[in-house]
Every structure is written in C-alpha cells, then in structure tokens.
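A.B. asks: build me a model:
(chains A and B)
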Number of protein chains: 2
Amino acid sequence: MRTELDCVPCFVRQTLDSLRRVTMDEAVQEKVLRTVLKAASDMDLRQSPPAMGQFVHRLIRAETGDPDPYREVKQRQNRLALELYPRLAQRVRCASDPLGAALRLAAAGNVIDLGVKSGVEESQIAEAIEASLEAPLEGGALDSFRRAAELGRDILYIGDNAGEIVLDRLLIEVLGPARVTFVVRGSPVINDAVMADAEASGMTALVKVIDSGSDAPGTILEDCSADFCARFRGAALVLAKGQGNYETLSGVERHMFFLLRVKCAVVTRHIGVPTGSLVLAEHSPGGR
Amino acid sequence: MRTELDCVPCFVRQTLDSLRRVTMDEAVQEKVLRTVLKAASDMDLRQSPPAMGQFVHRLIRAETGDPDPYREVKQRQNRLALELYPRLAQRVRCASDPLGAALRLAAAGNVIDLGVKSGVEESQIAEAIEASLEAPLEGGALDSFRRAAELGRDILYIGDNAGEIVLDRLLIEVLGPARVTFVVRGSPVINDAVMADAEASGMTALVKVIDSGSDAPGTILEDCSADFCARFRGAALVLAKGQGNYETLSGVERHMFFLLRVKCAVVTRHIGVPTGSLVLAEHSPGGR
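C.D. replies: Sure, this is the predicted structure:
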C-alpha cells in the first residue's frame, strides 16, 4: 500500500506525540520534528506508510540515545493484557464458535497501539476488547480462513504490538500451537512486540518465536532477514496482524490473511469498511 | 505569540485540507504539501502561526493560479450570515444587556472559519451562534470594555472572516458606527474578509472600511501598510477579532481588546480558558 497525502499530517502528529512520550527535552523534540518534516518533503510516496515510521523512530532513538523508549509502555501493556487473559480464555472456551471468538479478541487486542492514536486509556482497552465479542468480523473471510486453518500444515503468525501479543495466544491456542511460528519485530520500534514481549506474554512458552530482522513497524520484506523471508514464502498459511503489517504486505504476491482493527481513514478507504471495524481479510496474489 | 511545536502538525493538516478545497489536481496538492513541509522544517518558531499561514496560502494561490480560491466560500458564508442577521439584530435590541449580547454574537460569528477546523456545517454555525447568547464571555474584561467603549472617541475594529463580518455589524451598531473604522485584509487569504466582503455584508454602508495592506491571516504589523499602522497606533480603542489577530497582536505593545472563540489547544493554553470558549480579553502594554 502506497503512502497517501493524508498520511503526511498523521506522520507529523505521530512524531510529535511520540517525542513527547519519550523525552522532555524540547531541543530534541524540535530537532527531530524538523528532520522529519525535511524527510517528508522528499519522501517517496510509493513506499508504504511504515517506511516513514521506521525512519521517524530510528531518528527518535538516535536523538534521545534510548534504544527502546517504549520499554515501560510495552511492559505495562503486557501486564494489562495478562490480567485480562484468564477471563478472555474462558470466554473463548465457552464460545459457540471458539475460532470466531478468538479471531475477534485477537483483532481487538490491536487497539493496544500507540502508533495511530495516542493516549489510549487502559479502561478503554478492556472495554473495546470485551465489546469485540459481539462485533461483526468484516472482510467476509471467516469461512475461508476456517478451511485454510483446518488444512494448513504450518502457520506463520506475524504479530504486531506488545499487549496485543497476549491476546494472540487465545487464537493460537485454538489454531493449535504445535504448527504455529510467531513473528516479532527484529528490534524495538514504537510499542511493537519484540522478543522480550514474546517472553513476557508467555508466547515463547507456547510456540516457536522468530523475529523479522527489521525495525520497521510493519513487514517490509526487503528489510527483513533471509530466514524470515524464506519462512514467509514457504508457510502453508500466513496470518498478519494489525495495520502496519497490512500496509506493508497488502501489495505482496502471496496468499495470506490479515487480521486487524481499522484505525485510520486511509486504511478505511483501502479496505472499504468503517474505521473501528474488526477485519479478517483474505489476500490473494494479484490482489491490491 | 510564537509558534509552538503543536502548531506544526496543524499547519500540515490545514495545508492539505485547503488544497482539497481549492484544487482536484493531485500533482499540485503534492507539490504544495512538499514545499510546505520543507518550509516548516526551516521555519522560525519566533514568528506567530499566521506567518506560516501567509506562506502556505500564497503558495496555494500561486500554484493553483487562482488569486482568490475561497471566493465562493466567502460569498456563501456572507449569505448565510445575512440570513441570520435580522433575527439576531432583534435579539440584541431586546437583550437586557445589548452590548454583552452583541459581543457574544460577534465572537460566535468567529465559528465561521475554515482556517482551524475544516468542514463546518452551516447548521452547526447557526446553532453555535444561537447558543452563544447563553454562553459565558470569558476573559473578565466586559466591564473594562464597557468603560473603554463609553469613553473612546474612535474605535479601530480589526475584522477576521467572511460571514463573521455580518455579525460584527451587530456589535458596531451597539458601539455607534460613526466612530468605528473597520479593517479587512489587504488581499485574499483563506476565507478572511476582504473589501468585497465588507461590501457584500453591508459593512461599507455602515462604517469607514480600510484594509491592512497585508495578505496574512492575522495582523503582522511589519507586513501592514503605513496607513493601517498609523491608525492602529493612534486609535483610542482597538478591538481585534479572532485567533489570527490574537496570535499576531498579543505580543504587541499597545492596549487593546481581543474578541474571539478559542479553537485550538495552543491558544487554549495561552489564554487559559477551555477550547470553544468565547473570550473578550484586555491586553495591556507589557502583557504577553
């Protein structure tokens, strides 16, 4: 998915929001913001939006001297999700359609994302997740996913954020952990899940976890490790979580499923469902 | 008032919103947006926010080849306000405090402003204006303004937007038109009132109208004509309408009053009243 002009004001706002979360030093805030504006003035709009996110957050880490400014945010999000986990696991076990319930909860876990909308309250997260069990799963791909999950010998599950990764466990437990490989980012970017979050969330105790080799807040294949790319090409079933993975992989030539909560007008237009929707979308080679 | 970092994402968003109102040509939209990003990366934050607005809208006019892209918007806003005028004039005449009522209505007329929030509906404008009669007038300057208005031999009334200029007449009729000089912008910028709007609104039939000599969406004295500056310095009483005039004049060393509706977080912090408030503020030399 290419970057639209609408993404540009959003980059600038997100840069400032992120800077304020990670440093009180106004000189650093101003320097990074000016550098991002300059970069945005020259940017290649054929790149997907997470390419700019990668640039912005590399710059923030370099200028603040902090290799993981969202470390505490991620720990808090993991703890919050772990508190919610037992009750949600019970809901999935008792659901008439455990797969449908787990897909909704995993998608709703995507609300734990600082990338798009800053200042999400913990109580809002819990509410949004509970409400998701009654929400429609847009995209019309549930039956197709159910068949693919029945047949697939191995599943590559590309994760998104910290916190959310705990709710991904609900879906993986329904899918059968033995055949799942979970993917985290190669190194910290915003609040995206890295290996430390896979450990804190209990994911490493459940399935094999690898990293993408990239610090993009999405999956830019040219930036990923050869090992990741081989697994991505070879997996029987790929499920990619969240907007960042959708934005970077929706133009890639392989069959896969996207599971996300739509959080901006640009993705709303791209997918054709209202902002806030939970979506399970099937993507085929030759699809946009 | 200097430009804050918070103003920067707002400039970028406003640039895109404005571009979409005035041209469908995506190449022009992209070119202007990139030029604005580049300019913002180098901007002098000691300037007031309307200095960037002046730059952005000069660029939009140059690139679209349209010297007044908001002409029709302004005409529509004037017509809308003229439809509301007779009823509102009746409300002022029957008010227990006509001056307080007219100040509220003139401040609420400031809701007709595309500069800060795009996509204001006509029905919202009418509602906001009606509701203003019951709203508090923040700033604590009503008594002081009443005394100044009783004593002042001449009043310089610096206008803001088209549409709003019709409601300014309500206040000028209470103040006594004979001693009022009304100021419009020197040439078109966004939907700010220019001489054509003073004519369409009935303002030229009521009082002497001059222009500032500048195309800034505010009053940047260094950019204004010598005639305007002499009148500004010499007037017994100056009343400046709207955020653009507040942002550009609140650091100037002369006594004056500001009448505005607060429409962004930066001005909210600067004045210390909630966003959406109607404010009549007294500004003294040496004030910020």
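A.B. asks: my guess is residue A:161 meets residue A:112, correct?
C.D. replies: Yes - at 5.5 Å, residue A:161 counts as touching residue A:112 under the criterion of C-beta atoms under 8 Å. C-betas here are computed from N, CA, C, even on glycine.
A.B. asks: overlap in contacts, those two.
C.D. replies: Common contacts of residue A:161 and residue A:112 (C-beta atoms under 8 Å, 6 or more residues apart in numbering or on different chains): A:77, A:191.
A.B. asks: show me what the lowest-mean-pLDDT helix or strand in chain A is packed against.
C.D. replies: Least confident element among the helices and strands of chain A, by mean pLDDT, DSSP states H and E: helix A:122-132 (a mean of 80). Helices and strands touching helix A:122-132, as assessed by 3 or more C-beta pairs under 8 Å, 6 or more residues apart in numbering or on different chains; DSSP states H and E, comprise helix A:71-94, helix A:98-108.
A.B. asks: ranges for the strands of chain A?
C.D. replies: With DSSP state E as the criterion, chain A has strands at A:137-138, A:155-158, A:180-184, A:208-211, A:237-241, A:256-261, A:278-283.
A.B. asks: looking at those, which is closest to chain B?
C.D. replies: strand A:256-261 (23.0 Å; C-beta to the nearest C-beta).
A.B. asks: packing partners of the closest one?
C.D. replies: helix A:98-108, strand A:237-241, helix A:242-249, strand A:278-283.
A.B. asks: distance to residue B:49, mean pLDDT and mean neighbour count added to the ones you listed, as JSON lines?
C.D. replies: As requested, the helices and strands packed on strand A:256-261 are exported to JSON lines (distance: least, C-beta to C-beta, whole Å; pLDDT from 0 to 100; neighbours: other C-beta atoms under 10 Å in any protein chain shown):
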{"stretch": "helix A:98-108", "distance to residue B:49": "39", "mean pLDDT": "96", "mean neighbour count": "24"}
{"stretch": "strand A:237-241", "distance to residue B:49": "39", "mean pLDDT": "98", "mean neighbour count": "26"}
{"stretch": "helix A:242-249", "distance to residue B:49": "31", "mean pLDDT": "97", "mean neighbour count": "28"}
{"stretch": "strand A:278-283", "distance to residue B:49": "38", "mean pLDDT": "97", "mean neighbour count": "22"}
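A.B. asks: quick one: these as a markdown table, columns for distance to chain B too.
C.D. replies: Formatted as a markdown table, the helices and strands packed on strand A:256-261 follow (distance: least, C-beta to the nearest C-beta, whole Å):
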| stretch | distance to chain B |
| --- | --- |
| helix A:98-108 | 28 |
| strand A:237-241 | 27 |
| helix A:242-249 | 19 |
| strand A:278-283 | 26 |
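A.B. asks: shaky segments in chain A?
C.D. replies: Scanning chain A with the threshold set as pLDDT under 70 gives A:113-120, A:286-288.
A.B. asks: near chain B, which residues of it are found?
C.D. replies: Residues of chain A lying close to chain B (C-beta under 8 Å from any C-beta of the partner chain) are A:5-6, A:8-9, A:12-13, A:16, A:26, A:29-30, A:33-35, A:37-38, A:40-42, A:45.
A.B. asks: related to what we said a few turns ago, turn the helices and strands packed on strand A:256-261 into a markdown table, columns for distance to residue B:189.
C.D. replies: Shown next, in a markdown table, are those (distance: least, C-beta to C-beta, whole Å):
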| stretch | distance to residue B:189 |
| --- | --- |
| helix A:98-108 | 45 |
| strand A:237-241 | 46 |
| helix A:242-249 | 36 |
| strand A:278-283 | 42 |
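A.B. asks: middle-most residue in chain A, spatially?
C.D. replies: Residue closest to the mean C-alpha point of chain A, counted by C-alpha atoms, centre = their mean, is residue A:160 at 2.6 Å.
A.B. asks: now that one: phi and psi?
C.D. replies: phi -130, psi -90 (degrees, to the nearest 10).
A.B. asks: my guess is it contacts residue A:193. True?
C.D. replies: Yes - with contact defined as C-beta under 8 Å, residue A:160 counts as touching residue A:193 (6.8 Å).
A.B. asks: can I get the helices and strands packed on helix A:122-132 in a markdown table including distance to residue A:279?
C.D. replies: Below are the helices and strands packed on helix A:122-132 laid out as a markdown table (distance: least, C-beta to C-beta, whole Å):
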| stretch | distance to residue A:279 |
| --- | --- |
| helix A:71-94 | 19 |
| helix A:98-108 | 7 |
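A.B. asks: residue A:127 is nearest to which of the strands of chain A?
C.D. replies: Residue A:127 lies closest, by C-beta to C-beta, to one member of those: strand A:256-261, at 13.5 Å.
A.B. asks: touching that closest one from outside, list them.
C.D. replies: Strand A:256-261 has contacts (C-beta under 8 Å, 6+ apart) with A:103, A:106-108, A:110-111, A:139, A:141, A:145, A:148, A:160, A:237-243, A:245-246, A:249-250, A:267, A:276-283.
A.B. asks: using CSV, lay out the strands of chain A together with distance to residue B:75.
C.D. replies: Listed next are these as CSV, based on distance: least, C-beta to C-beta, whole Å:
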stretch, distance to residue B:75
strand A:137-138, 42
strand A:155-158, 53
strand A:180-184, 57
strand A:208-211, 59
strand A:237-241, 50
strand A:256-261, 43
strand A:278-283, 43
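A.B. asks: out of those, which is closest to residue A:78?
C.D. replies: Nearest to residue A:78, of all those, is strand A:180-184, at 12.3 Å by C-beta to C-beta.
A.B. asks: got the CA coordinates for the closest one in CSV?
C.D. replies: Extracted in CSV, the C-alpha atoms of strand A:180-184 (Å, rounded to 0.1, in the frame of the first residue of the first chain):
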residue,chain,number,x,y,z
VAL,A,180,2.5,-22.1,14.6
THR,A,181,5.6,-19.9,14.3
PHE,A,182,5.1,-16.4,15.8
VAL,A,183,7.0,-13.4,14.4
VAL,A,184,8.1,-10.3,16.4
